[in-house]
Every structure is written in C-alpha cells, then in structure tokens.
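A.B. asks: model this:
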Amino acid sequence: MIEFCASNMHHGTDRIMKIFEDNDAFEVTEYGCLGNCGECYLNPFALVDGAIVSAESADELYEHILKAIDQQQADKEALDKLLDDL
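C.D. replies: Numbering: from 1, shown residues only. Below is the predicted model:
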C-alpha cells in the first residue's frame with residue numbers, strides 16, 4: 001500500500017500518485033494528513049506499507065518508492081523462505 005498526503009502535493013507528489021494509481025498492481029490511498037508534518041513541509045514523501053519514503057524531488061520519490069517496494073518484497077520472500085526451512 002502506498003499512502004500519499006494531500007498536504008504534500010505542492011511538492012509534485014500528485015503526479016507520482018497518479019502514476020501509481022494508473023497501475024493496478026499498486027494499492028494507493030490519499031489522506032488529508034498522514035501526521036508527518038515536518039516531513040511533509042520539507043520534502044516529497046509517501047508511506048509504503050507504513051514506512052516513510054522521502055526524496056529531494058517528486059521524480060526521485062518515484063524511484064525511492066519502487067526501491068522500497070522491491071526491498072519489502074525481497075524481505076518478505078526471505079522471511080517466507082526462513083519459515084519454510086523451519
């Protein structure tokens with residue numbers, strides 16, 4: 001799940017949110033506030049499965065979100081393998 005803050009859209013995250021919304025592989029939600037006001041003011045950010053992902057620009061945020069999703073998937077697969085080996 002990728003969560004975006006409506007108050008953070010001035011950083012250009014609305015464009016990034018739209019890219020993910022247009023791809024059925026992602027669950028995207030927009031909230032009026034995610035409670036990360038300091039982060040919201042300073043940088044483009046989103047929550048990816050509850051973890052803050054931020055960047056210097058909206059385009060960079062897109063790349064960081066993809067990396068976070070890949071890392072979370074790799075972590076999940078490693079945990080599943082570990083549990084299977086028990």
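A.B. asks: okay, buried residues for the helix or strand of the chain with the lowest mean pLDDT please.
C.D. replies: The helix or strand with the lowest mean pLDDT-type score in the chain, counting by mean pLDDT, DSSP states H and E, is helix 37-42 (a mean of 83). Of the residues in helix 37-42, those scored as buried under the neighbour-count criterion (16 or more other CB atoms under 10 Å) are 39-40. Yep, even glycine has a C-beta here, placed from its N, CA and C like the rest.
A.B. asks: who are the packing partners of it?
C.D. replies: strand 51-54 (3 or more CB pairs under 8 Å, 6 or more residues apart in numbering; DSSP states H and E).
A.B. asks: the same query, at a cut-off of 7 Å, please.
C.D. replies: Using 3 or more CB pairs under 7 Å, 6 or more residues apart in numbering; DSSP states H and E as the contact criterion, helix 37-42 has no neighbours among helices and strands.
A.B. asks: keeping just the C-alphas, turn that helix into CSV.
C.D. replies: The C-alpha trace of helix 37-42 is given here as CSV (Å, rounded to 0.1, in the frame of the first residue of the first chain):
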residue,chain,number,x,y,z
CYS,A,37,4.0,17.4,9.2
GLY,A,38,7.8,18.0,9.5
GLU,A,39,8.5,15.6,6.6
CYS,A,40,5.5,17.0,4.6
TYR,A,41,6.8,20.5,4.8
LEU,A,42,10.4,19.7,3.8
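A.B. asks: what's in contact with that helix?
C.D. replies: Counting contacts by CB atoms under 7 Å, 6 or more residues apart in numbering, the residues outside helix 37-42 that touch it are 5, 7-8, 45, 52, 54.
A.B. asks: any of the residues you listed buried? List them.
C.D. replies: The neighbour-count test (16+ other CB under 10 Å) marks 5, 7-8, 45, 54 as buried among the contacts of helix 37-42.
A.B. asks: run the chain-centre distance for stretch 53-66.
C.D. replies: 8 Å (CA atoms, centre = their mean, to the nearest Å).
A.B. asks: next one: stretch 35-46
C.D. replies: How far stretch 35-46 lies from its chain's middle: 12 Å, per CA atoms, centre = their mean.
A.B. asks: cool, stretch 26-46 as well?
C.D. replies: Distance, centroid of stretch 26-46 to centroid of chain: 9 Å (CA atoms, centre = their mean).
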